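Engineer: Turn this into a structure:
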Amino acid sequence: MRKVIGIVGEGPTDYMVIKEVIDHITGEVNEYRRLQPEPDMAGRFGNGWKGVWKWCETNSGVLDKVLHEVKPQIDLLVIQIDADVSRKEREVHCLCGSVECEAREESHPLRCTKVIEGQCPVVLPCRKHVQNARGYEEHLEKMIRMWLGTNTNNKDVLITVPCDSTDAWIVAAYQDCDYVEEIENPWESVIARKKDYYGIRIPGSKKRTSVYSQLLPRLCEQWERVIERCHSAKCFDDKVKQMILGNNLLNIKHNKNIFR
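Structural biologist: Residues are numbered from 1 along each chain as shown. A predicted model of the protein is given here:
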């Protein structure tokens, strides 16, 4: 059954990946709402992982309205942030117990003057988090749930943390590569390393939606191989099946009982 799905993510290529993969898993052409970043990329929260953080905190208290009082009503909200944020961004480790900082109680991590001035006391890698894909994934999912506050367990919210990014899923679809989620910056280190990637021209290191539109068919065709190689992709696959296809199966059983 066709669903209305809202997506809060880092950027336009992440939106493309999530959209195409969900359609592939469900076997439906679903309807999508790009909530963050907004289509013109000049919205009130900006883009990237900071935009996701701001969107979650700003909408945490009105999440039910976002999901159920807009038209058409959103059936599922997907929130995406790449695992490399845990690996390289100090702000998401600000509240860790290993960090001593006098300014912690005075300002929000995204507005902290110590960060702006390059004086943030956070040391990476963080001693409180396991330094591998699973550790990054777990850390950021907990962070997103914290940003969402009381709505953290909303049954209509699916959190995904691709490791090291959604680009790793692309690499897994094209190459026989062990430990693909441990590759840092797979876009730059693998896909855009040369001017050509498996017959697809890569014009520079900047991600382009036109290039991604050529990469995505293979991602969907090889999705079973991707979920074998990428724990984060398998988690996403399981959640989509449970939250979308699972609900459909319950509806089918309910309808059969009505007509008995």
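Engineer: tell me the centre residue of the protein?
Structural biologist: Q80 (1.9 Å; CA atoms, centre = their mean).
Engineer: Specify the beta-bridge partners of that one.
Structural biologist: T160 (DSSP bridges).
Engineer: which ones are touching it?
Structural biologist: The neighbours of Q80, taking CB atoms under 8 Å, 6 or more residues apart in numbering as the test, are 7-10, 14, 18, 52, 159-162, 166. Glycine gets a C-beta too; all of them are placed from N, C-alpha and C.
Engineer: and L67, which of the three is it?
Structural biologist: helix (DSSP: H, G, I helix; E, B strand; the rest coil).
Engineer: which one is it nearest to, not counting chain neighbours?
Structural biologist: I74 (4.8 Å; CB to CB, 6 or more residues apart in numbering).
Engineer: Pull the contacting residues for that neighbour.
Structural biologist: Here I74 is in contact with 4-6, 33, 66-68, 156 (CB under 8 Å, 6+ apart).
Engineer: I200 too?
Structural biologist: When contacts are taken as CB under 8 Å, 6+ apart, I200 is in contact with 211, 214-215.
Engineer: what are the bridge partners for it, then?
Structural biologist: Assigned bridge partners for I200, using DSSP bridges, are Y197.
Engineer: how far away is it from K19?
Structural biologist: The gap separating I200 from K19 is 19 Å, by CB to CB, to the nearest Å.
Engineer: and if you look at A172?
Structural biologist: 18 Å.
Engineer: Tell me which of those two has more neighbours.
Structural biologist: Set side by side, A172 and K19 show more neighbours around A172, with 24 against 19, by other CB atoms under 10 Å.
Engineer: quick one, phi/psi of that one?
Structural biologist: Phi and psi for A172, reported as degrees, to the nearest 10, are phi -60, psi -30.
Engineer: Please tell me how far it sits from P162.
Structural biologist: 11 Å.
Engineer: Now do the contacts for K239.
Structural biologist: 158, 160.
Engineer: if we go to 6 Å?
Structural biologist: L158 (CB atoms under 6 Å, 6 or more residues apart in numbering).
Engineer: before we move on, what about Q175?
Structural biologist: Here Q175 is in contact with no residue (CB under 6 Å, 6+ apart).
Engineer: same thing with G9?
Structural biologist: Applying CB under 6 Å, 6+ apart, the residues near G9 are 15, 80.
Engineer: Now do it against E69, distance only.
Structural biologist: 22 Å.
Engineer: got it, and K142?
Structural biologist: 28 Å.
Engineer: and the helix or strand that contains S210, what does it pack onto?
Structural biologist: Using DSSP states H and E, S210 falls within helix 209-221. Helix 209-221 sits against helix 12-26, helix 166-174, with contacts defined as 3 or more CB pairs under 6 Å, 6 or more residues apart in numbering; DSSP states H and E.
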